[in-house]
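In: Mind looking at a prediction? Sequence and model below.
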Amino acid sequence: MDDQPVDHRSLTNPLKVADGETIQLTKSATVSKMPGQPLTIQGSVSEKDNLDKDDFAEFLDTYVGSAGWGLGTHKRIIRDGNLDVTVTYKIERQ
């Protein structure tokens, strides 16, 4: 978020999951924004297996104050090769 990692999992320490399984990342971060500053949410997902290609996909969403900072829940579908992931995140105002 805004170039500051909120949660991270090292490529050297992957989480093994079955197809269709949910992985929950529960960390959050607080930021303060002035009216002209954008809020950027960026993420990536990769898979590492013994098949021919390790897949990787990423997303980048930007929100501004005039559009309400994107408050609410957002779902992003990101795909690459055999990788097909839905990322869900929430933006709240304190």
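Out: Ah, there it is. Numbers count the residues shown, from 1 in each chain.
In: contacting residues for Tyr72?
Out: Wrong residue type there; residue 72 is Gly, not Tyr. 90-91 (Cβ atoms under 8 Å, 6 or more residues apart in numbering). All C-beta atoms are positioned from the backbone trio N, CA, C, and that covers glycine.
In: now do 10 Å
Out: 90-92 (Cβ atoms under 10 Å, 6 or more residues apart in numbering).
In: likewise Asp80?
Out: 45-47, 53-58.
In: Quick check: bridge partners of it?
Out: Leu83 (DSSP bridges).
In: what does the model give it for pLDDT?
Out: pLDDT for Asp80: 80.
In: Only the buried subset of the contacts of Gly72, as a ChimeraX command please.
Out: In ChimeraX syntax, the buried subset of those is picked out as below (16 or more other Cβ atoms under 10 Å):
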select :91
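In: Mind putting the contacts of Gly72 into JSON lines with secondary structure?
Out: Putting those into JSON lines (DSSP: H, G, I helix; E, B strand; the rest coil) gives the following:
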{"residue": "Lys90", "secondary structure": "strand"}
{"residue": "Ile91", "secondary structure": "strand"}
{"residue": "Glu92", "secondary structure": "coil"}
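In: Need the contacts of Gly72 in CSV (columns: distance to Gly65).
Out: Formatted as CSV, the contacts of Gly72 follow (distance: Cβ to Cβ, whole Å):
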residue, distance to Gly65
Lys90, 18
Ile91, 12
Glu92, 15
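In: Just name the closest of the contacts of Gly72 to Gln24, please.
Out: Lys90 (12.4 Å; Cβ to Cβ).
In: That closest one against Leu25, yeah?
Out: No. Between Lys90 and Leu25 there is no contact under Cβ atoms under 10 Å: 11.8 Å.
In: quick one on the thing from earlier: sort out which of the contacts of Asp80 are buried, if you could.
Out: Using 16+ other Cβ under 10 Å as the burial test, these include 45, 47, 55, 57 as buried.
In: That concludes my questions; thank you for your assistance.
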